[in-house]
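Peer 1: Next comes the sequence, and after it the predicted model I'd like to discuss.
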Amino acid sequence: MKQLRIRKDKMSSIARKHPWIFSGAIESDIHGLEDGEIVEIVAKDKQVLAIGHFQHGTIAVRVLSFKRNKIDEEFYATKIQNAWELRKTLGLLSENNSIFRLIHGEGDNLPGLIIDFYNGAVVIQAHSIGMFKDQELIKNALIKVLGKDLKCIYAKNEETLPPRFEGKNEYLFGTCEMPHIALENGIQYAINWETGQKTGFFIDQRFNRDLLGKYAKDKVVLNTFCYSGGFSMSALNNGAKEVHSLDSSKKAIELTEENLTLNQFKAPHQSIVDNAVEYIKNLEHDYDVIILDPPAFAKHREKRHKAMQAYKRLNAAAIRQIKPGGIIFTFSCSQVVDKILFNNTVIAAAVEAGREVRILHQLHQPEDHPINAFHPEGEYLKGLVIEVH
Ligand code: SAH
């Protein structure tokens, strides 16, 4: 195994157990190293500090262990077993719920790996070449740990890996028919990871959807950026008077409608294909509750300023338009926008709209998306529930 020496003045990050080693921290020659190769990180005195996946680029090594572990099937099985036990302890595999994130990259000490669980079906997504190359080990580890609870494993790597790696979208174990029915908070969802966005469903809003339900009884609700309609289903399941779901993508609206059919709610529902900001600016309805869950407006730090303007415009429009006493659930899933910046942006939007606003809840990602304490970058979802007068 190749050893990479770390620069003396760059020891503090690894000493703190941050799981990324940047290329600038490496003293050794990295020419000729293969993407995805397992390497050891060593100090000047040859002491092994960590072991991880190498990849040419800014993040040169994603650390798998700070001990001299062998990276084999057993290594992955131990990590997956720990993650599985935690999700069971959290009650995520129950009569009411069969959708959760099993492995959240750095948060589950497996940088570059995402594994989502949908009622026995597992979708794996490699965000690093090392994880892609270890896919066979991961597959076998999943089969071992999940046993009878496993129906199929689907790898969805086409969009996350550079084209030269030919990351495919394919079943690695068994097959599942599309769509696949699974439960969140007692609500049924038809999930299609073969054609859907990401791994097929936005699992990270489970807790926030449940909270929205508490505000929805007898209310008229507008769910913008609805995708497959999670917030809409939760509102209807909790006695909303009427729900409107909006997305700019027709396909997303079709998914929402499929989930409505599946659950057979009684209250009226309306689907809207439109741009959220335009629709809100020209609102003709009196809504009691509005949900704003846009895609990440800023994927990189350089785009942050422009993104903040977009968040402000969106929030200001909703704050201006909602009826007195109305509730807004507003989110940002941009990793480069931290919660203080997000809060300040919503406050600035309130100032611009010229209305009185109270903050009722500060929201974040749920516990199956854990944050490694030494990898603050893993905290990405933040939200506020505000009341507007
Ligand atoms: N709230 C959803 C997840 C939102 S993902 C859930 O709970 O599952 C973001 C969604 O925003 C995508 O479905 C995308 O199609 C939609 N979108 C992107 N830009 C938009 C815009 N300008 N107006 C309306 N929808 C938009």
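Peer 2: Thanks, I have it.

Peer 1: Lys79 sits in which helix or strand?
Peer 2: Assigned by DSSP states H and E, Lys79 belongs to helix 73-89.

Peer 1: Now tell me what touches that helix from outside.
Peer 2: Here helix 73-89 makes contact (C-beta atoms under 8 Å, 6 or more residues apart in numbering) with 64-65, 69, 93, 100, 102-103, 108-110, 115, 117, 134, 137-138, 140-142, 144-146, 368, 370. Placement of C-beta: from N, CA and C, glycine included.

Peer 1: show me what contacts the closest residue to the ligand within the stretch 1-150 of the chain?
Peer 2: Per C-beta to the nearest ligand atom, Ile99 is where the stretch 1-150 of the chain lies closest to the ligand, at 11.3 Å. Neighbouring residues of Ile99 by C-beta under 8 Å, 6+ apart: 92, 116-119, 182-184, 189, 191, 201, 203, 206.

Peer 1: Next, the residues that contact the host helix or strand of Leu172 from outside, please.
Peer 2: Per DSSP H and E: Leu172 is located in strand 169-173. Under the criterion C-beta under 8 Å, 6+ apart, residues 124, 135, 139, 142-143, 150, 152-158, 194 lie in contact with strand 169-173.

Peer 1: Out of those residues, which end up buried?
Peer 2: Among those, those buried by neighbour count (16 or more other C-beta atoms under 10 Å) are 124, 135, 139, 142-143, 150, 152-157, 194.

Peer 1: of all the residues you listed, which two lie farthest apart?
Peer 2: Ile143 and Glu194 (20.9 Å; C-beta to C-beta).

Peer 1: what's the domain layout of this protein?
Peer 2: Taking automatic domain parsing as the reference, the chain has its domains at 2-65, 73-189, 203-388.

Peer 1: So Glu387 lies in a strand, does it not?
Peer 2: Yes: residue state for Glu387 (DSSP: H, G, I helix; E, B strand; the rest coil) corresponds to a strand.

Peer 1: pretty sure it contacts Gly326?
Peer 2: Yes: counting by C-beta atoms under 8 Å, Gly326 is a contact partner of Glu387 at 7.3 Å.

Peer 1: neighbour-wise, which of the two wins?
Peer 2: Neighbours were counted for Glu387 and for Gly326 using other C-beta atoms under 10 Å; Gly326 has more, 22 against 16.

Peer 1: can you pull the contacts of the residue lying closest to the more buried one once chain neighbours are set aside?
Peer 2: Distances taken as C-beta to C-beta, 6 or more residues apart in numbering put Val388 closest to Gly326, at 5.1 Å, once the chain neighbours are dropped. Residues near Val388 by C-beta under 8 Å, 6+ apart: Ile319, Ile322, Pro324, Gly325, Gly326, Ile327, Ile328, Ala350, Arg355, Glu356, Val357.

Peer 1: Check Pro268 too.
Peer 2: Glu242, Val243.

Peer 1: Per-residue pLDDT of it, please?
Peer 2: Model confidence at Pro268, expressed as pLDDT, equals 98.

Peer 1: And it, how close does it get to Val220?
Peer 2: 10 Å (C-beta to C-beta, to the nearest Å).

Peer 1: now Ile187
Peer 2: 20 Å.

Peer 1: I'd like the secondary structure assignment at the residue of the stretch 51-200 of the chain found nearest the ligand, please.
Peer 2: Closest contact between the stretch 51-200 of the chain and the ligand, by C-beta to the nearest ligand atom, is at Gln197 (6.4 Å). Assigned with three-state DSSP, Gln197 falls in the coil class.

Peer 1: Count the neighbours of it for me.
Peer 2: Residues within reach of Gln197, counting by other C-beta under 10 Å, total 17.

Peer 1: Please apply the same query to Asp338.
Peer 2: Quick note: Asp338 (other C-beta under 10 Å) scores 15 neighbours.
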